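Engineer: How does the following fold in three dimensions:
(chains A and B)
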Amino acid sequence: MEEILNLVINGIEAAIKEIPAVQKIIADWNGPEPTKEEFLARIKAAQDSLPDWT
Amino acid sequence: MKRKVQVAAMLVLILAVTVSCASWRKTELATYESLGVGLRGYYEIAKPACDKGTIAADKCVELKDIYTKAKQVYILAGNTLATIDNTVGAVEQQALTTMYESLVAQYNDLYNQFIDVWKTIKAAPAGSPAAAAPATPSVSPAAPVK
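Structural biologist: Alright, predicted model coming up:
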């Protein structure tokens, strides 16, 4: 019973991942995901926001 | 009926896990940026106060030392976060994530040390230079990433 349930769930999960529209909804769930470049740029900006205490 | 509830519960769980995976960068960035904002807030108040001489020199040295260490740890944590994003292997990613979490914990310790010193300055007796220290900023760091 549990195995069948797992198979069904895995199948649904795989199907969800294959549907572009669903992927987009998931990716944009709480605002668009930053690109790799944006991600790195924002880390750098956060690091630079702390000045040296001279 | 019971089976339908089980399937529905599992679907919600799968969706939640999928969403959390999809927004990894967003979540980590928000946490990382908020950590920096907290320390920056204290810097912007403590540094001018030290420059004006309204805080005792030994306390300024202590604050500066903690701030500098915290900044170094923060930068290292950011570099680690960037490396996690560039790493493909699950084992390597896990090792880097553990390192990142350790650095965030170190950063939070230093941040709390800074606040502790700041509180001693604020609690100094009236009339002493330290008593003239400006107000505490209203920002605080986010909880460490889990």
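Engineer: list the buried ones in the lengthiest helix in chain B?
Structural biologist: Determined from DSSP state H, the single longest helix within chain B is helix B:90-122. For helix B:90-122, the neighbour count (16 or more other CB atoms under 10 Å in any protein chain shown) marks B:96-97, B:99-100, B:103-104, B:106-108, B:110-111, B:113-115, B:117-118, B:121 as buried. Just so you know, the C-beta spots here come from the backbone N, C-alpha and C atoms, and that holds for glycine as well.
Engineer: Report the rounded mean pLDDT for that helix.
Structural biologist: Mean pLDDT, computed over helix B:90-122, is 94.
Engineer: could you say what helices and strands it packs with?
Structural biologist: helix B:24-52, helix B:57-86 (3 or more CB pairs under 8 Å, 6 or more residues apart in numbering or on different chains; DSSP states H and E).
Engineer: repeat that with 6 Å
Structural biologist: In this structure, helix B:90-122 makes packing contacts with helix B:57-86, judged by 3 or more CB pairs under 6 Å, 6 or more residues apart in numbering or on different chains; DSSP states H and E.
Engineer: orientation of the helix it packs on relative to helix B:90-122 in degrees?
Structural biologist: Put simply, helix B:57-86 runs at 160 degrees to helix B:90-122, going by axes from the mean of the first three to the mean of the last three CA atoms, to 10 degrees.
Engineer: Run the contact check for helix B:57-86 versus chain A.
Structural biologist: Yes: counting by CB under 6 Å from any CB of the partner chain, chain A has neighbours in helix B:57-86: B:64, B:67-68, B:71, B:75, B:78, B:81-82, B:85.
Engineer: nearest to A:Ile12, of these?
Structural biologist: The closest of those to A:Ile12 turns out to be B:Asp85 (CB to CB; 28.7 Å).
Engineer: what residues are up against that closest one?
Structural biologist: A:Phe39 (CB atoms under 6 Å, 6 or more residues apart in numbering or on different chains).
Engineer: three-state assignment of B:Val88?
Structural biologist: In three-state terms, and counting by DSSP: H, G, I helix; E, B strand; the rest coil, B:Val88 is coil.
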